[in-house]
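A.B. asks: pasting a predicted model and its sequence here:
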Amino acid sequence: MTEQEQAAEFIHKYQQGELTPEQELRLNEWYLLYVAQNKNELTASQIEQTVKELRRKLPLQKPVKVYRLWLGIGGIAAAAIAAITTGIWLYQIGFSDSRRELSPTHFSNDIAPGTNKATLTLADGKVINLNDAKTGIKMDTDLRYNDNTPVISNEERKLVENTDKNEMKLSTPRGGTYQITLSDGTKVWLNAASSLTYTKALNKGGQRRVKLTGEAYFEVAKVFSPQRGGRAPFIVESKGQEVEVLGTHFNINSYADEEYVKTTLLEGSVKVSHRWPVKEGQTEVVLKPNQQAVLADNSKIQVNKVDAEASIAWKNGYFLFKGEHIEPIMRRLAYWYDIEVVYVGQKPKGQFRGVISRNNNLSEVLKMMELTGAVHFEIEGRKVYVKE
């Protein structure tokens, strides 16, 4: 029996109330894997047609109401069809009690999701508030937005053109995200509360070097270096480590309040090295696709096999939780919605799995999480209270 046939069988069992917890877990694992790997965009009419096909092929006993929860997110709409059909999108693992009746949710206000928002600090310290209606900037012969409209005036441009040896910094606030195409063609997506420091020319001594705080996804261009007689290395400095690449796709999460720095490789290869002395253990590793280097201060580098696509869910417009506790989830929500998280009493236990759009208002995300019966929230101003 193929996985597709088995998934169809599990959906049928769910409709009959015969699905075991192990089978439900497996069905959700397939769903999450499909979500992470599928990047196609479907229109509403295509989704409706796919749902009709699903109903025709599966032995469902009664009509199924389909909610278009994920429209506008690349790949999620199609992947969500099976999950919506079974009523599954988020579930809990390891809670001691069964799902209990939910108490009314108290949200005195709502909070909108993050947007395209960033500042650019020039070599002389001048700070430019970038256009929120644009998605990113690019360093070419001059500084322009992705749609080729100019970022700065002719007078300011003269300053930028003389900054080959001076640093500039692109910064996103909490609740902001932005893109930049560097002068060598490398593309960088910055997550919320992050910054990228770089020079216009990048290349120095046959190396390209940038500095990162927070989180970013890189698609590094392959560039020939006459000094080295080969490809010019691209080096990212971040929170106690250096990542060296020639041309590849990878993600670095180096937020200051995270215990670990995580470097996840999607394509190519990268070398991850300690920037500080370490008493013992691995100080340098070379990653292969779907591997993640995990680094804590003054400790050896650990390498784990992961689903690399999950690490860039934020870049593709959604949160993907794969068996995570409440604290790392709330940290991500705090960055994106610019909120303060306050825990009331004991922190909710257990792990969450699910997919949530980053385009939703905060209340919608929290209400979906409350459906597990494991956690409750209150919003007051920009504070979110979390309790069991």
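C.D. replies: Thanks, I have the structure now. Numbers count the residues shown, from 1 in each chain.
A.B. asks: hey, let's count contacts and neighbours off CA atoms from now on
C.D. replies: Fine.
A.B. asks: Glu309 - that's part of a strand, no?
C.D. replies: No. Counting by DSSP: H, G, I helix; E, B strand; the rest coil, Glu309 falls outside a strand, being helix.
A.B. asks: that one and Leu266 touch, don't they?
C.D. replies: Yes. With contact defined as Cα atoms under 8 Å, Glu309 counts as touching Leu266 (7.1 Å).
A.B. asks: to which secondary structure element type does the residue lying closest to Tyr343 once chain neighbours are set aside belong?
C.D. replies: Excluding the flanking residues, the one nearest Tyr343 by Cα to Cα, 6 or more residues apart in numbering is Val386, at 4.8 Å. The local conformation at Val386, judged by three-state DSSP, is strand.
A.B. asks: now swap in Tyr335 and tell me
C.D. replies: Applying three-state DSSP: Tyr335 is helix.
A.B. asks: distance of it from Glu309?
C.D. replies: 20 Å (Cα to Cα, to the nearest Å).
A.B. asks: go on, Ile137?
C.D. replies: In terms of Cα to Cα, Ile137 sits 25 Å off from Glu309.
A.B. asks: next one: Phe234
C.D. replies: Counting by Cα to Cα - Phe234 and Glu309 are separated by 22 Å.
A.B. asks: over to Gly114?
C.D. replies: Relative to Glu309, and taking Cα to Cα, Gly114 is found at 21 Å.
A.B. asks: who has more neighbours out of those two?
C.D. replies: Gly114 (23 against 20; other Cα atoms under 10 Å).
A.B. asks: excluding its backbone neighbours, what's nearest that one?
C.D. replies: Closest residue in space to Gly114, ignoring its immediate chain neighbours: Gly175 at 4.0 Å, by Cα to Cα, 6+ apart.
A.B. asks: tell me who's in contact with the one you found.
C.D. replies: Taking Cα atoms under 8 Å, 6 or more residues apart in numbering, we find Gly175 in contact with Pro113, Gly114, Thr115, Lys117, Ala192, Ala193, Tyr335, Trp336, Tyr337, Asp338.
A.B. asks: could you check how many residues crowd around Glu18?
C.D. replies: 12.
A.B. asks: pLDDT weak spots in the stretch 1-150 of the chain?
C.D. replies: Scanning the stretch 1-150 of the chain for pLDDT under 70 picks out the ranges 1-5, 7-8, 11-12, 14-17, 19-106.
A.B. asks: now do 90
C.D. replies: For the stretch 1-150 of the chain, residues meeting the criterion pLDDT under 90 lie at 1-109, 122-126, 139-143.
A.B. asks: helix/strand/coil for Pro113?
C.D. replies: Secondary structure assignment for Pro113 (three-state DSSP): coil.
A.B. asks: contacts for the longest strand along the chain next, please.
C.D. replies: Secondary structure of the chain per DSSP state E: the longest strand is strand 207-219. With contact meaning Cα under 8 Å, 6+ apart, strand 207-219 is reached by 186-199, 202-203, 225, 232-239, 247-256, 312, 315.
A.B. asks: before we move on, back to that, tell me the two of the contacts of Gly175 that are most distant?
C.D. replies: Maximum pairwise distance in these, criterion Cα to Cα, is 13.8 Å, between Pro113 and Ala193.
A.B. asks: neighbour count winner among those two?
C.D. replies: Higher neighbour count among Pro113 and Ala193: Ala193, with 20 against 17, using other Cα under 10 Å.
A.B. asks: pretty sure that one is touching Leu170, no?
C.D. replies: No. Look at Ala193 against Leu170 with Cα under 8 Å: they stay out of range, at 10.8 Å.
A.B. asks: grab the nearest non-local neighbour of Glu340.
C.D. replies: Lys383 (4.7 Å).
A.B. asks: mind listing what the one you found touches?
C.D. replies: Ile339, Glu340, Val341, Val342.
A.B. asks: counting only strands, which of those make the cut?
C.D. replies: Reading strands off the contacts of Lys383 with DSSP E, I get Glu340, Val341, Val342.
A.B. asks: which one of those sits closest to Pro289?
C.D. replies: When those are compared against Pro289 (criterion: Cα to Cα), the nearest one is Val341, at 34.3 Å.
A.B. asks: the residue nearest to Glu340 and Asn109: what is the separation?
C.D. replies: Lys383 is 10 Å from Asn109, by Cα to Cα.
A.B. asks: what does Tyr335 give?
C.D. replies: 18 Å.
A.B. asks: between these two, which has more neighbouring residues?
C.D. replies: Set side by side, Tyr335 and Asn109 show more neighbours around Tyr335, with 19 against 12, by other Cα under 10 Å.
A.B. asks: could you break the chain into its assigned domains?
C.D. replies: 3-88, 106-111+316-387 (automatic domain parsing).
A.B. asks: can you list the low-confidence ranges for the stretch 251-388 of the chain?
C.D. replies: For the stretch 251-388 of the chain, counting by pLDDT under 90, the residues that fall below are 257-259, 274-284, 295-301, 307-310, 313, 316-325, 348-360, 363-375, 388.
A.B. asks: helices of that one, start to end?
C.D. replies: 308-311, 326-337, 362-370 (DSSP state H, counting those that start in this stretch).
A.B. asks: kindly reformat these as TSV containing distance to Ala123.
C.D. replies: Shown next, in TSV, are the helices of the stretch 251-388 of the chain (distance: least, Cα to Cα, whole Å):
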stretch	distance to Ala123
helix 308-311	32
helix 326-337	27
helix 362-370	37
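A.B. asks: since that was my last question, I'll sign off now.
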